[in-house]
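Engineer: please find the sequence and the predicted model below.
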Amino acid sequence: MPERIIQAEELASYVVCPESWRLKNISGKKSYQTQQDSRENEVRNIRSEWFKTQSLSAELRRYAKVIYYLLVAVVAVLMLWDSIQSNASTTQSRQLRDIFSTLLHSRHSLISTEILLILLIVGVLIFIWDLIDRRRSVLQKSTGLDKHQNVLEMKNHEAVSGMREAKTYTDLERGLSGKPDALIEEHGYIIPAIIRPVSTKVRDRHAILLTALMALIESSDKKTPPYGLMLLGRELRPVKIKNSAEKVRWLDTILDEMRSIEAGVPAMATPQYQKCKHCDVNQDCKFSAYKKTA
């Protein structure tokens, strides 16, 4: 078992620039966040809204279930009443009929009214159930998910009613740990999801992070997620990162490289102007392309 547990987010940092990762996680250089504060706040706000929308969607799903069960119960009562009416020749049926009639204060004159009332209740319940379910579907679609995907847990920075905090997965053999932004259940599989509202396209850093999360879930649950889900851009466009043996080999190769750098092998810097400009340790990096031209 490795001495240090590598966080899944570190993998994303590493594939952007191994030297930047080394400075932050091995050398312990201070991160300068002044350039990224506004961007991080925007990301945090969008994620918070996503969490709240998902919480409301989950609450509406619970309401829809209650309405559905009420509907089933009312229909069952209606069928029982019809059965009592059609089998009134038996002593037991007559007794049941008498009980129902007593409760409803009339044995003959209100039977048709009672049935109409039950039918009205059924109609109202169907209308309410449909209304709630449609609203839930709209909310679900607005968050980039479809009707077959149910959010089980979310990583919260604030309490979200009715939703569990996403758990942290740890694979001691790999020396890897991570927590997805959300865990989604789809057809019996647990799917990790990450939210990247300021990204315009899928990058290697996103693919390696989701690959790591899928490997962690497989190690814990002994069931391989078929894909990881990325919600991309401000519109939260869903993008699936398919799971594969090649991606797992890539993950293990990256982890081996990180371990070798921890052991003293020099890290390879990959300087580019825009990348170095937004790097939060560029002031301490001798390879920074931004510092040389600034």
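Structural biologist: Perfect, thanks for sending it. Numbers count the residues shown, from 1 in each chain.
Engineer: list phi and psi for Ala64.
Structural biologist: Torsion angles at Ala64 (phi, psi; degrees, to the nearest 10) stand at phi -60, psi -40.
Engineer: excluding covalently adjacent residues, which one is nearest to it?
Structural biologist: If the residues on either side of it in the chain are set aside, Ala64 comes closest to Ile132, at 4.7 Å by C-beta to C-beta, 6 or more residues apart in numbering. For the C-beta atoms, the positions are set from N, CA and C on the backbone; glycine is no exception.
Engineer: again, but for Tyr273
Structural biologist: Ala289 (4.8 Å).
Engineer: run a quick neighbour tally on that neighbour.
Structural biologist: Ala289: 19 surrounding residues under other C-beta atoms under 10 Å.
Engineer: circling back: dump the residue contacts of the residue nearest to Ala64.
Structural biologist: When contacts are counted by C-beta atoms under 8 Å, 6 or more residues apart in numbering, Ile132 touches Leu60, Tyr63, Ala64, Ile67.
Engineer: go through the residues you listed and say which is closest to Thr170.
Structural biologist: Proximity of these to Thr170 (C-beta to C-beta) peaks at Leu60, which lies at 33.7 Å.
Engineer: in three-state terms, label that closest one for me.
Structural biologist: helix (DSSP: H, G, I helix; E, B strand; the rest coil).
Engineer: surely it and Leu139 touch.
Structural biologist: Yes - the pair Leu60 / Leu139 is scored as a contact, 7.1 Å apart, by C-beta atoms under 8 Å.
Engineer: any regions of the stretch 1-150 of the chain where pLDDT drops low?
Structural biologist: Residues of the stretch 1-150 of the chain that meet the criterion pLDDT under 70 lie in 30-40, 78, 81-116.
Engineer: separation between Ala73 and Ile46?
Structural biologist: Computed as C-beta to C-beta, to the nearest Å, the Ala73 to Ile46 distance reads 41 Å.
Engineer: neighbour count: those two, which is higher?
Structural biologist: Taking neighbours as other C-beta under 10 Å, Ala73 and Ile46 compare with Ile46 leading, 18 against 11.
Engineer: that one should be in a helix, yeah?
Structural biologist: Yes - with three-state DSSP as the criterion, Ile46 is part of a helix.
Engineer: how about it, nearest residue that isn't a chain neighbour?
Structural biologist: Leaving aside its chain neighbours, Ile46 sits nearest to Pro197 (4.2 Å; criterion: C-beta to C-beta, 6+ apart).
Engineer: gap between the one you found and Leu229?
Structural biologist: Pro197 is 14 Å from Leu229, by C-beta to C-beta.
Engineer: next: Ser13.
Structural biologist: To Leu229, Ser13 is 21 Å away according to C-beta to C-beta.
Engineer: next: Val75.
Structural biologist: Using C-beta to C-beta, we find Val75 at a distance of 38 Å from Leu229.
Engineer: same check on Lys29?
Structural biologist: Taken as C-beta to C-beta, the span from Lys29 to Leu229 is 33 Å.
Engineer: more neighbours, these two?
Structural biologist: Neighbour count, other C-beta under 10 Å: between Lys29 and Leu229, Leu229 has more, with 24 against 16.
Engineer: test my guess that the more buried one contacts Ile190.
Structural biologist: No - judged on C-beta under 8 Å, Leu229 makes no contact with Ile190 at a distance of 11.2 Å.
Engineer: identify the contacts common to these two.
Structural biologist: Common neighbours of Leu229 and Ile190 (C-beta under 8 Å, 6+ apart) are Ile184.
Engineer: buried residues in stretch 54-69?
Structural biologist: Going by neighbour count (16 or more other C-beta atoms under 10 Å), the buried part of stretch 54-69 is Gln54, Ser55, Leu56, Ser57, Ala58, Glu59, Leu60, Arg61, Ala64, Ile67.
Engineer: ok, of the residues you listed, which one's closest to Leu176?
Structural biologist: So of those, ranked by how close each gets to Leu176 (C-beta to C-beta), first place is Gln54, at 26.5 Å.
Engineer: helices or strands up against the strand or helix carrying the closest one?
Structural biologist: Element membership for Gln54, per DSSP states H and E: helix 37-86. Secondary structure elements in contact with helix 37-86, counted by 3 or more C-beta pairs under 8 Å, 6 or more residues apart in numbering; DSSP states H and E, are helix 91-103, helix 111-142, strand 150-154, strand 189-196.
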